[in-house]
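S.K.: give me the fold of what follows.
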Amino acid sequence: MARPGHVALVGSTASGKSSVALALAEADERWEIVTVDSMQVYRGMDIGTAKPSVADQARVPHHLLDIAAPWDDFDLATYQAAANEALGDIESRGRRGLLVGGTALYLRAVVDDLRLPGRFPEVRAEIEMVEDTEALHQRLVDLDPAAAARMEPNNRRRVVRALEVTLGAGRPFSSFGPGLDEHPPTDIQVYALAWERDELDARIERRLAEQMAAGFLDEVRSLLADQRGLSRSAGQALGYKELAEHVRGEVSLEDAVDLAHRRTRRFSRRQEKWFRRDPRIAWLDAGGADPVAQLRTAVE
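M.R.: Just a heads-up that it's a prediction; the model follows:
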């Protein structure tokens, strides 16, 4: 699907993507922001996902924020359809989409128009009966080592989905789409913000402290107070998972925050590693000259 004129800005969590995108879009009304974040789609998950504020959303049009309830599962196919619809709407008004976020697979679904596998509920039900996620991951290693290597052994949502497709479709999960190790030409220009590792770690620590001061814990309490709870996908969100453990009395607040910080640092490293594999991405020095000016020059 041709998407000329659109641009994506990606990078690790806490790299400043949203602020750079907002500044660019404010200075040039041709741009509208399309989120590429698997957790900002959820209503009520605002502080912990660093979702653009209501004021920021009023300054620049934003798409795909708050489109799902936190008790509902939200998947890649749903995102792909919603993003394509949003970009089509933006195109119809003669504007340009600025895709912003760090969920790499969501980005690839749009940039490369991935052909996504179907659903196999009966197969999935059998898989879900196995409680040991790492055992399921080992089964995936045996059936589709390429897919297994791309996910954490304890990421149940991704492991179960990969097994569901591999067993249900009768072919490896990793075989769908153009292949995530391939990087075909695309009409969407992709840029990323690069930081020195120590600087990014400091930004992650500072942002989490600011989120806690802004009421992150109360946000988690409010979400858990709803009897519908959090879906499996929403419940895996960084910070939310750890603070939920504290709310349930499983760990101290200090330990929950420390674990969230460490997991976020590790996640940011995986994000950068993923993006660095894509030769189509142009990297901007976020810690050097004004990254907004760098991006503006690149896209004009």
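S.K.: nearest spatial neighbour of residue 120, chain-adjacent residues omitted?
M.R.: residue 168 (2.8 Å; Cβ to Cβ, 6 or more residues apart in numbering). C-beta here means a position set from N, CA and C on the backbone, and glycine is covered the same way.
S.K.: and the one you found, what helix or strand is that in?
M.R.: Assessed by DSSP states H and E, residue 168 sits inside helix 156-169.
S.K.: before we move on, back to that, quick check, the residue nearest to residue 120 in contact with residue 126.
M.R.: No: the criterion here is Cβ atoms under 8 Å, and residue 168 misses it with residue 126 at 10.1 Å.
S.K.: residues contacting the longest helix seen in the chain, please?
M.R.: If you go by DSSP state H, the chain has its longest helix at helix 253-276. Contacts with helix 253-276, where a contact means Cβ atoms under 8 Å, 6 or more residues apart in numbering, come from 10-15, 102, 104, 192, 200-201, 204-205, 208, 212, 217, 238-239, 241-243, 245-246, 251, 281.
S.K.: same check, this time on stretch 205-224
M.R.: So stretch 205-224 is contacted by 14, 44-48, 50, 70, 230, 239-240, 243-244, 246-248, 253, 257, 260-261, 264 (Cβ under 8 Å, 6+ apart).
S.K.: weed out the non-buried ones from the residues you listed.
M.R.: By neighbour count, with 16 or more other Cβ atoms under 10 Å, the contacts of stretch 205-224 hold 14, 44-48, 50, 70, 230, 239-240, 243-244, 246-247, 257, 260-261, 264 as buried.
S.K.: for stretch 210-227, buried residues please.
M.R.: For stretch 210-227, by 16+ other Cβ under 10 Å, it's 211, 212, 216, 217, 219, 220, 223, 224.
S.K.: which helix or which strand is home to the first one?
M.R.: When secondary structure is defined using DSSP H and E, the element that contains residue 211 is helix 197-213.
S.K.: state the mean pLDDT of that helix.
M.R.: In this model, helix 197-213 has an average pLDDT of 97.
S.K.: what angle separates it from helix 253-276?
M.R.: Going by axes from the mean of the first three to the mean of the last three Cα atoms, to 10 degrees, helix 197-213 is angled at 130 degrees with respect to helix 253-276.
S.K.: buried residues, helix 197-213. List them.
M.R.: 200, 201, 203, 204, 207, 208, 211, 212.
S.K.: show me what whichever helix or strand residue 140 is part of is in contact with.
M.R.: Take DSSP H and E as the rule and residue 140 turns out to sit in helix 133-143. By Cβ under 8 Å, 6+ apart, the residues outside helix 133-143 that reach it are 127, 130, 147-148, 151, 153-156, 159-160, 162-163, 166-167, 172-173.
S.K.: can you do 7 Å?
M.R.: 127, 130, 147, 148, 153, 154, 156, 159, 160, 162, 163, 166 (Cβ atoms under 7 Å, 6 or more residues apart in numbering).
S.K.: among those, the buried ones, what's the PyMOL command?
M.R.: Of those, the buried ones go into a single PyMOL selection, burial set by 16+ other Cβ under 10 Å:
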select buried, resi 127+147+148+156+159+160+162+163+166
